[in-house]
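here are the coordinates; sequence isn't available:
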């Protein structure tokens, strides 16, 4: 019976996820765009959860891998390199057009390599020191992209890379509307379905990793690295693998971000973005997939939804408060309330110790759990 209910719940959720963008686009593409951004941040949060939630390694420079994937797609699918190099312009006068199914794994691989490069010098660092080093790595990548416009203009500096081509797959241009049985499906809805498929694939990969020997080794390192090493776990390789695996998710998210936006610039990869992704993992429920997904969906959509709340509040104050500042204040208050009421996250992992103790008291016939001691 429980199995039947689970299958019915999954089918109902699948139908709802399929129909949702078609309903929202009637109210405007802005609402579907909020969903698309939420799915992008969900992939980012799932990748960071491997590093922070599973392996217990605090990474504040995770947005750097997002930037690497985004710039890789932007440079390989725009006229930017053709304008910078005469040899490329001779063969590709209209700019490079690389198929997305090549750029996507290539961006994941490049981000994974940089993740290992970041992890190698930080193997002996923990806690605050690790956070500072990873923070510096993220800022280095952003500054590097911001200044790589001289002597050869590769990234176009602070102006960013524009005219990025849309994704073409199965003969479809995801940047153009598609008419199905007389119903127009907007480009933002087409990107939604591709992003949803990638998010589902990411969830499956993360779930299988969590249940594997590698996942258990990461969690052992998170709980007690010295004990894990004493049990024969190669902590060095496991840490490098965690950084590399987490970075690949960031690279995939970055390539999809560049294709979806059609423009990338260093401003999109600031330190605040890294902090927000960390907050999604922590506030949702660190190390627990449903909690991480919930935290990513809420924190990514909350700033956009609060735009419709901040403007009326600004009008109530006679315009004395700026709407953007008021919106940030509301986000901060919401995060404080969540941490006060749910310190382990909105949807934390179940406490296995308590459930095991309850099963020991209730599972054996004739066994009665010991009563709680009475207060004096």
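Done, it's in. Computed from a predicted model, the values in this text were never measured in an experiment.

Only C-alpha atoms from now on, for both contacts and neighbour counts.
Fine.

what about residue 316, how many neighbours?
By other C-alpha atoms under 10 Å, 11 other residues sit near residue 316.

Could you report the distance from it to residue 328?
Remark: distance between residue 316 and residue 328 (C-alpha to C-alpha, to the nearest Å) = 17 Å.

For the residue nearest the centre of the chain, which non-adjacent residue is spatially closest?
Residue closest to the average C-alpha location in the chain (C-alpha atoms, centre = their mean): residue 44, at 1.3 Å. Nearest residue to residue 44, sequence neighbours excluded (C-alpha to C-alpha, 6 or more residues apart in numbering): residue 250, at 5.5 Å.

which other helices and strands contact the helix or strand hosting that neighbour?
Here residue 250 sits within helix 235-261, counting by DSSP states H and E. Counting contacts by 3 or more C-alpha pairs under 8 Å, 6 or more residues apart in numbering; DSSP states H and E, helix 235-261 packs against helix 29-49, helix 63-76, helix 100-119, helix 187-211, helix 213-223, helix 225-230.

Against which helices or strands is the last one packed?
Where contact means 3+ C-alpha pairs under 8 Å, 6+ apart, helix 225-230 is packed against helix 213-223, helix 235-261.

How about the third one?
Packed against helix 100-119 by the contact rule (3+ C-alpha pairs under 8 Å, 6+ apart) you find helix 63-76, helix 235-261.

and of these, who's closest to residue 129?
Using C-alpha to C-alpha as the measure, helix 235-261 is the one of the helices and strands packed on helix 100-119 that comes nearest residue 129, at 15.6 Å.

Tabulate the helices and strands packed on helix 225-230 (CSV), appending mean pLDDT, mean neighbour count and distance to residue 349.
Formatted as CSV, those follow (pLDDT from 0 to 100; neighbours: other C-alpha atoms under 10 Å; distance: least, C-alpha to C-alpha, whole Å):
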stretch, mean pLDDT, mean neighbour count, distance to residue 349
helix 213-223, 94, 19, 13
helix 235-261, 95, 25, 20
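
Could I get the ones you listed in TSV, plus columns for distance to residue 290?
Converted to TSV, those look like this (distance: least, C-alpha to C-alpha, whole Å):
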stretch	distance to residue 290
helix 213-223	17
helix 235-261	17
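
Among those helices, which comes closest to residue 84?
helix 235-261 (19.6 Å).

quick one: that closest one to helix 29-49, angle?
Interaxial angle, helix 235-261 versus helix 29-49 (axes from the mean of the first three to the mean of the last three C-alpha atoms, to 10 degrees): 170 degrees.
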